[in-house]
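Peer 1: What follows is a predicted protein model with its sequence.
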Amino acid sequence: MTRHRRASTWALLLMVAGLHLNAQHDRREEEARPRRPQEGRSQPGRSLGRDQDRGREAPVRSAQAPRERGFEERPRPEQPRRGEPERLRRAEEVRPRPEPRPERRESAVPRGAPPTRDLGRPVRPEAARAWQARESWRRDAWPARPSWREHRAHRWESEHRTWAQRGGYGGYRIPEPQFVARFGDRHAFRIGSRPVIYRGYPRFRCGGYWFLIVDPWPEFWADEWYLWDDMYIDDAFDGYYLTSRRHPGIRLAIMVSL
């Protein structure tokens, strides 16, 4: 029994020794074969040699490595050059500046309203007398009446006529300096006495001129309104009017009587 165990032990040792010899033989054959350089792997010996020959080539490649990996370098902000702010300031001073536009001032007269003075017509007494003598302004208008009370209207809104409805004013025109100095809404007055009928229409005197009232006076005015009401003569777009401050919406057509 003991001999049999010893024999098996020796056989096992011989087998292990044989395997070890075979492994050493295979290793020697593999080392004896020439080795081929593998693609994609860097050879340490060559890289070291290139680094030694080229000096600082390896650090430069390491600095470029982030760009190869996909990282983009951020652009550095441009620094102002010396003297550039001074040059820009001088250019701004030399550059001509646009002149400010004048402010638009809104007129006190509402849009669409006719002008209150007609300054384009010259003063022509001869032509005014001829126009007044033709009496074209009486067409389809208030007719002549013999007395003051008969010139009171029954329905003033339908019985009065503007100068535009009469065909326009062709009578005498008061010179502008005189009109501004004596007439207008800033020069109110009271007639003071009953107007006298002249050629069928009431006539009164104001500012050195005679005026003929060719419209009826409203039925809702007092009988003696000429004594108490403040009146003024307005030169509208189409002719002269007598206006009451107590009734600012009422205007009686008048003309200068020569």
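Peer 2: That came through fine.
Peer 1: measure Glu135 to Pro125 for me?
Peer 2: Separation of Glu135 from Pro125 (CB to CB, to the nearest Å): 17 Å. From N, CA and C alone the C-beta is placed, and that goes for glycine too.
Peer 1: Repeat that for Leu21.
Peer 2: Remark: distance between Leu21 and Pro125 (CB to CB) = 156 Å.
Peer 1: Could you count how many residues lie near Phe204?
Peer 2: 22 (other CB atoms under 10 Å).
Peer 1: what's the burial count for the closest residue to it other than its chain neighbours?
Peer 2: Spatial nearest neighbour of Phe204, excluding adjacent residues (CB to CB, 6 or more residues apart in numbering): Pro195 at 4.4 Å. By other CB under 10 Å, the residues close to Pro195 number 18.
Peer 1: Quick one: residues contacting Pro195.
Peer 2: Trp148, Pro202, Arg203, Phe204, Ile213, Tyr226 (CB atoms under 8 Å, 6 or more residues apart in numbering).
Peer 1: which among the residues you listed end up buried?
Peer 2: When those are checked for burial by 16 or more other CB atoms under 10 Å, the buried set is Pro202, Phe204, Ile213, Tyr226.
Peer 1: Now do the strands in the stretch 151-258 of the chain.
Peer 2: Here the stretch 151-258 of the chain has its strands, by DSSP state E, counting those that start in this stretch, at 196-198, 201-206, 209-213, 231-235, 240-244, 251-257.
Peer 1: Could you measure from the residue nearest to Phe204 over to Pro216?
Peer 2: As judged by CB to CB, Pro195 and Pro216 stand 12 Å apart.
Peer 1: Show me where the stretch 101-250 of the chain dips below the pLDDT cut-off.
Peer 2: Residue ranges of the stretch 101-250 of the chain with pLDDT under 70: 101-123.
Peer 1: 90 instead?
Peer 2: Applying pLDDT under 90 to the stretch 101-250 of the chain flags residues 101-128, 132-140, 167, 236-238, 248-249.
Peer 1: quick one, helices of it?
Peer 2: Assigned by DSSP state H, counting those that start in this stretch, the stretch 101-250 of the chain shows helices spanning 125-134, 156-159, 176-182, 225-228.
Peer 1: quick one: contacts for Gly192?
Peer 2: Listed by CB under 8 Å, 6+ apart, the contact set of Gly192 reads Tyr226, Leu227.
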